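Participant: output the structure for:
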Amino acid sequence: MSKLPHIGTSIFIVMSQMASEHNAINLSQGFPNFPVDERLTSILTGLAKENIHQYTPMSGLPSLLEKITNLTNQSYQRIISPKEEILITAGATEGIFATIQALVKTNDEVIILDPSYDCYEAPILLSNAKPIRISLSDDFTPNWEKIANATNKNTKLIIINNPHNPTGKTWTENDFLQLEKLVDAYPNLHVLSDEVYEYITFEQKHISVHHRPKLWEKSIIIGSFGKSFHITGWKVGYVIAPENLMIEIKKVHQFLVFSVSSIAQHAINEYINLVDVNAIGKFYQQKRDFFQNLLKDTKLKLMPCEGTYFQVASYASISNENDIDFTKRLVTEFGVATIPISTFYANNKDNKYIRFCFAKDDKTLIQAAERLRKL
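Facilitator: Prediction:
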């Protein structure tokens, strides 16, 4: 008997398989196709011969925990405890899963803002809790009236994702003021802030929960070295939370994976000294601008992209097909794989939007644009 009967194969897997079968350019899954920084691969090569291949401590490599403390202070002027408030996880997904499993109980309610990444709902259901899916406004900003009306004494978590996947939207100062009011009004409410794209923002500087002292005692923040350092396959993320919450999260983590890849942690620990996180957003802004310029001669209408490495586009002037059928035809007839936005909604809301990943080398983006101009 299935515990997740309505959950099938991920749309990301489906589209990547179709891309492979039809020799299409894969702009669907969110991973870079360009080489990793040679400084990092050089560090990794050297470490392979070192005696660092056994378990690290359950919470993470102590020196890397210190580095995250320094990075958080450098980026947000927030001081956290490396021993009590940080956990290295097997990717951000494990951090999200462990957090929800640790803090959410039977019949608790968890607010998810749609369109939302698909890893949020499953751990809620496995906790015998209730996911409350609330759609963002048409411009992908939070609808605070709807959110407030859906919040009650049983609401344990609200999951926020900023910068936002799939839309590339970022939160404003007012959004955080509204969130603070909500948390003040409901003592049982906590915030799970998915900030894996924190260093990939463009014209507007990222506003983080780390910037909001009023939220610190009620918030769990998720980060990702995979996203920040273009090493998604390493699956190394981290969780930052107050000690009382972290104690519970670590209890789940130790029975999920116990500890994370030792060589990956050691490599990141050395590499973090060399990399300028402020350059990451500039790098991807060039990618975004390059891709947008390539698509300006197509019939696609590009939506604003304020962060992440995703570009949402409307195909409404091209076809009346639903977005799933359109993306499948885009693969089979035009040789480009994308993601339909309706799959990020509980109600499969179809606004004729598709998502491109532009974390690709210039050659790939140019070839994709040439095919998209034929639409």
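
Participant: so what's the residue count around Trp144?
Facilitator: For Trp144, the neighbour count with other Cβ atoms under 10 Å is 16. Where you see a C-beta, it was placed from the backbone N, CA and C, and this is true even at glycine.

Participant: any idea how far Leu192 is from the closest residue to it other than its chain neighbours?
Facilitator: Leaving aside its chain neighbours, Trp144 sits nearest to Gln178 (4.4 Å; criterion: Cβ to Cβ, 6 or more residues apart in numbering). According to Cβ to Cβ, to the nearest Å, Gln178 stands 17 Å off from Leu192.

Participant: hmm, the residue nearest to Trp144 is touching Pro142, no?
Facilitator: Yes. Gln178 lies in contact with Pro142 (Cβ atoms under 8 Å); the separation is 7.2 Å.

Participant: which of these two has more neighbours?
Facilitator: For Gln178 and Pro142, the more surrounded residue by other Cβ under 10 Å is Pro142, and the numbers stand at 22 against 17.

Participant: if I look at the nearest residue to Lys352 once chain neighbours are set aside, how far off is Asp139?
Facilitator: Counting by Cβ to Cβ, 6+ apart, Ala316 is the residue found nearest to Lys352 once chain neighbours are left out, at 4.1 Å. Shown here: Ala316 relative to Asp139, a distance of 16 Å by Cβ to Cβ.

Participant: who has more neighbours, the two?
Facilitator: Between Ala316 and Asp139, Ala316 has the larger neighbour count (other Cβ under 10 Å), namely 13 against 9.

Participant: and that one, what's its pLDDT?
Facilitator: pLDDT recorded at Ala316 is 97.

Participant: now do the one 5 residues further on
Facilitator: Glu321 is assigned 97 on the pLDDT scale.

Participant: the nearest residue to it once chain neighbours are set aside: neighbouring residues, count only.
Facilitator: Closest residue in space to Glu321, ignoring its immediate chain neighbours: Arg329 at 7.0 Å, by Cβ to Cβ, 6+ apart. Residues lying near Arg329 (other Cβ under 10 Å) number 12.

Participant: same check on Gly46?
Facilitator: Neighbours of Gly46 under the rule other Cβ under 10 Å: 12.

Participant: and the one 4 residues further on, by the same measure?
Facilitator: Look at Glu50: counted by other Cβ under 10 Å, it has 9 neighbours.

Participant: all helices for the chain, in order.
Facilitator: Taking DSSP state H as the test, the helices found in the chain are 11-21, 38-47, 62-76, 91-103, 121-126, 144-150, 173-185, 225-228, 243-256, 262-271, 278-295, 323-334, 362-372.

Participant: and the fourth one with helix 243-256, angle?
Facilitator: Going back to what we said before, that points to helix 91-103. Here the directions of helix 91-103 and helix 243-256 differ by 110 degrees (axes from the mean of the first three to the mean of the last three Cα atoms, to 10 degrees).

Participant: pull the contacting residues for the residue nearest in space to the middle of the chain.
Facilitator: In the chain, the centroid-proximal residue (Cα atoms, centre = their mean) is Val196; its distance is 4.7 Å. By Cβ atoms under 8 Å, 6 or more residues apart in numbering, the contact set of Val196 is Ala92, Asn165, Ile222, Gly223, Ser224, Gly226, Lys227, Gly237.

Participant: check what pLDDT it gets.
Facilitator: The model's pLDDT for Val196 equals 98.

Participant: same deal with Ser16?
Facilitator: Ser16 is given a pLDDT of 90.

Participant: next one: Ser10
Facilitator: 84.

Participant: any idea what sits nearest it, other than its immediate chain neighbours?
Facilitator: Using Cβ to Cβ, 6+ apart, the closest residue to Ser10 is Asp118 (6.1 Å).

Participant: isn't that neighbour right up against Ala346?
Facilitator: No. Asp118 is beyond contact range of Ala346, at 10.8 Å (criterion: Cβ under 8 Å).

Participant: circling back to that earlier point, pick out the shakiest of the helices of the chain, pLDDT-wise.
Facilitator: helix 11-21 (a mean of 90).

Participant: from the contact counts, what lies against that one?
Facilitator: strand 25-26, helix 323-334, strand 336-337, strand 339-340 (3 or more Cβ pairs under 8 Å, 6 or more residues apart in numbering; DSSP states H and E).

Participant: pull the residues that contact that helix.
Facilitator: By Cβ under 8 Å, 6+ apart, helix 11-21 touches 24-26, 28-30, 118, 327-328, 331-332, 337-340, 343.

Participant: kindly recompute the last result at 7 Å.
Facilitator: Applying Cβ atoms under 7 Å, 6 or more residues apart in numbering, the contact partners of helix 11-21 are Asn26, Ser28, Gln29, Thr327, Lys328, Val331, Ala337, Ile339, Pro340, Thr343.

Participant: what's the closest non-adjacent residue to the last one?
Facilitator: Nearest residue to Thr343, sequence neighbours excluded (Cβ to Cβ, 6+ apart): Ile11, at 4.4 Å.

Participant: where's that neighbour relative to Leu87, distance?
Facilitator: 29 Å.

Participant: more neighbours: which of these two?
Facilitator: Leu87 (25 against 18).

Participant: sounds good, over and out.
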